Structure formats: C-alpha cells, structure tokens
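1. A predicted structure for the sequence below; I have some questions about it.
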Amino acid sequence: MIGIIFDIKRYAVHDGPGIRTTVFFKGCPLRCWWCHNPESISPKIQNYTRKVTFDGLEMEVEDTVGYEISVEELLKEIKKDAAFYEESRGGVTFSGGEPFMQADFLKETAKACKENGIHVTVDTTGQTSKKDLDKVMPYVDLFLYDLKHMDDAKHYEYTGVGNKKIIENLWYLAENKKEITIRFPVIPGYNDDEKNIKATLELASELNGAIREVHLLPYHNIADGKYQRFHIQSKMKKMKSLPEEELYPLKERLEKSGFKVKIGG
Ligand code: SF4
C-alpha cells in the first residue's frame with residue numbers, strides 16, 4: 001500500500017513522549033487561518049518554484065513537496081531510530097496535514113509499527129469518520145487531539161469546518177479508553193478569550209480520566225514565505241508570535257484544575 005507524505009522529522013521531542021520520528025502526511029480537511037504547514041493541505045504531490053540566492057544572484061528553482069512511499073519503506077525509515085525509542089520510551093508520531101485523510105495507509109503503517117514494538121502516536125484534528133477511527137484506533141497508543149475553538153460557528157469561520165464531529169470523536173476515543181493529549185493552539189484575538197478558554201477547560205475536565213496532558217501551542221508567525229510559495233492567500237492579520245511567558249498564567253490555571261501541562265507540546 002502506498003501513501004503520500006511530505007516530511008520525516010527525526011529526534012522530535014515535542015510530538016509525544018520520549019524521542020520520536022514524526023511522519024507528516026499530505027492532505028488536510030481543515031483550512032486554519034494560522035496554519036504553519038500550508039504545504040500539507042493539498043493531498044497531492046505539488047510542484048512549486050522557490051527563490052534561491054547564489055553568489056549574490058537571485059534565481060528561481062523548481063521543487064516538489066510530497067512523495068509516495070510504501071508501508072514497508074516507511075517502516076524501514078521509522079525503524080532506523082529504534083534504539084532512541086527504546087532508550088527514551090519514544091516512538092513514531094503520525095502528523096500532517098491530517099493523517100486520517102489516508103486512513104488505510106495510516107492503519108497499515110501503525111499496525112506494522114505495533115507489530116515491531118514501536119509506540120504509536122497520532123496527531124489529529126479529529127475531523128474524520130467513526131469508521132476510520134475504528135480502523136486505526138487499535139494500533140494507536142496515544143492521540144494528540146487538537147481543540148481549536150469550542151464555538152461551532154467560530155470554528156467554522158477560522159478552520160472551514162464546524163467542531164461537532166471533532167468533539168463527538170473526542171468523546172468516542174475517551175469512551176474507548178484511548179489515551180489522549182489535548183492540544184490547544186493559542187491564537188491571540190481568535191481563541192484566547194475567557195469564554196473559549198473556560199469552555200475548553202470544562203470539556204477537558206469532563207473528559208479528565210482520558211486526558212494525559214494538555215499542550216498549549218503558542219502562535220508563531222513563521223509561514224509567510226510558504227504562503228507565497230504555494231500561492232495561498234493568508235487571512236491572518238499581521239501579528240507577532242506569542243511569547244511563551246504569556247501562557248504561564250493559563251498553564252498555572254490548567255495545572256490547578258489537575259492537568260499536566262506543557263507549553264509548546
Ligand atoms: S489542521 Fe493543521 S495542517 Fe490542517 S490546516 Fe489546520 S493547522 Fe494546517
């Protein structure tokens with residue numbers, strides 16, 4: 001079976017426990033205004049032009065994002081770092097994009113990893129079907145689950161999809177006793193108001209038994225060049241990155257509610 005990925009990041013320490021290899025899948029059903037990986041959105045392999053400077057001369061070079069890979073080839077890549085996983089209690093993380101956009105490939109790769117004793121984490125938007133969750137769930141040790149906005153209309157406005165299915169699927173994973181870390185991207189002026197923080201905290205508390213940790217992901221203004229490269233119009237107003245220190249009070253508040261909290265994942 002063949003999938004399309006666009007990157008493999010080794011020695012990752014923010015995508016789950018221990019040292020991990022993170023595999024980035026192509027394709028995402030969301031269109032978040034603050035997306036750092038706009039190259040992940042299209043499920044297809046894409047050609048693009050980028051500018052490079054050589055000896056003071058600026059020129060344009062052709063490049064490609066995304067490539068096909070088989071389950072066997074990907075497993076081989078993942079297994080190269082097996083010694084690090086063992087020492088650090090790490091493993092592999094499937095991210096994107098949205099890995100569930102390639103649910104069958106995700107299932108087969110996760111299954112192969114589990115058969116090789118590798119801890120599997122899936123970083124997901126939750127925008128998928130129960131059928132696909134059922135398919136993949138048995139081979140996943142931990143879900144990193146994004147909660148972007150608790151208000152359905154605002155979620156739709158800022159990401160292109162409502163949050164009903166996402167919240168339903170989060171409950172479904174919890175009911176199935178899956179281990180879950182909630183990831184909350186904190187985007188100033190978009191989802192950091194008291195009403196949304198309170199609603200996010202309430203949901204996390206209701207699910208408390210299933211929640212391993214909460215990760216607060218501060219907004220970073222790093223993707224401007226990528227938007228130009230892929231001819232995507234950014235809807236974000238120009239905004240500075242959010243310094244980590246500004247999230248300390250929220251971290252403390254969540255910790256007081258009984259959660260283990262990390263800033264930056
Ligand atoms: S879910 Fe992630 S990859 Fe998809 S659009 Fe949003 S930020 Fe980008």
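-> Cool, the structure landed. In this text, all values refer to a predicted model and were calculated from it rather than measured experimentally. Numbers count the residues shown, from 1 in each chain.
2. whatever residue of the stretch 151-265 of the chain ends up closest to the ligand: how many residues sit nearby?
-> At 6.2 Å from the ligand, T159 is the closest residue in the stretch 151-265 of the chain, using CB to the nearest ligand atom. The way it works is simple: take the backbone N, C-alpha and C, and place the C-beta from them, glycine included. Other residues near T159 come to 23 when the count uses other CB atoms under 10 Å.
3. wait, it sits on L147?
-> No. Assessed by CB atoms under 8 Å, T159 is found out of contact with L147, at 11.2 Å.
4. ok, back up a step: quick one: contacts for the residue of the stretch 151-265 of the chain closest to the ligand?
-> For T159, the contacting residues are 30-33, 148-149, by CB atoms under 8 Å, 6 or more residues apart in numbering.
5. separate out the buried members of those.
-> 30, 32, 148-149 (16 or more other CB atoms under 10 Å).
6. out of those residues, which touch the ligand?
-> Restricting the buried ones among the contacts of T159 to those touching the ligand (CB under 6 Å from any ligand atom) yields 30, 32.
7. in TSV: the buried ones among the contacts of T159, plus secondary structure and pLDDT.
-> Formatted as TSV, the buried ones among the contacts of T159 follow (DSSP: H, G, I helix; E, B strand; the rest coil; pLDDT from 0 to 100):
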residue	secondary structure	pLDDT
L30	coil	97
C32	coil	95
K148	coil	98
H149	coil	98
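8. wasn't E86 part of a strand?
-> No. Using DSSP: H, G, I helix; E, B strand; the rest coil, the secondary structure at E86 is helix, not a strand.
9. neighbours around it, how many?
-> Look at E86: counted by other CB under 10 Å, it has 15 neighbours.
10. distance of it relative to V120?
-> 15 Å (CB to CB, to the nearest Å).
11. and the nearest residue to A153 once chain neighbours are set aside, what does it touch?
-> Spatially, and ignoring its direct neighbours in sequence, A153 is nearest to G162 (7.7 Å; CB to CB, 6 or more residues apart in numbering). Shown in contact with G162 (CB under 8 Å, 6+ apart): 152-153, 155-156.
12. among those residues, which are in reach of the ligand?
-> Okay, of the contacts of G162, nothing touches the ligand (CB under 6 Å from any ligand atom).
13. could you dump those to CSV with neighbour count, secondary structure and distance to E77?
-> Conversion of these to CSV gives the following (neighbours: other CB atoms under 10 Å; DSSP: H, G, I helix; E, B strand; the rest coil; distance: CB to CB, whole Å):
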residue, neighbour count, secondary structure, distance to E77
D152, 14, helix, 39
A153, 10, helix, 41
H155, 23, helix, 34
Y156, 14, helix, 37
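14. most widely separated two among those?
-> A153 and H155 (7.2 Å; CB to CB).
15. burial check on E179, number of neighbours?
-> 15.
16. next: A210.
-> The local packing of A210 (other CB under 10 Å) involves 21 other residues.
17. quick one: name the residues of the stretch 101-250 of the chain near the ligand.
-> So far as CB under 6 Å from any ligand atom goes, the stretch 101-250 of the chain lies against the ligand at T125.
18. distance of the residue in the stretch 101-250 of the chain positioned nearest to the ligand from M1?
-> Nearest to the ligand, among the residues of the stretch 101-250 of the chain, is T125, at 4.5 Å (CB to the nearest ligand atom). Per CB to CB, T125 is found 22 Å from M1.
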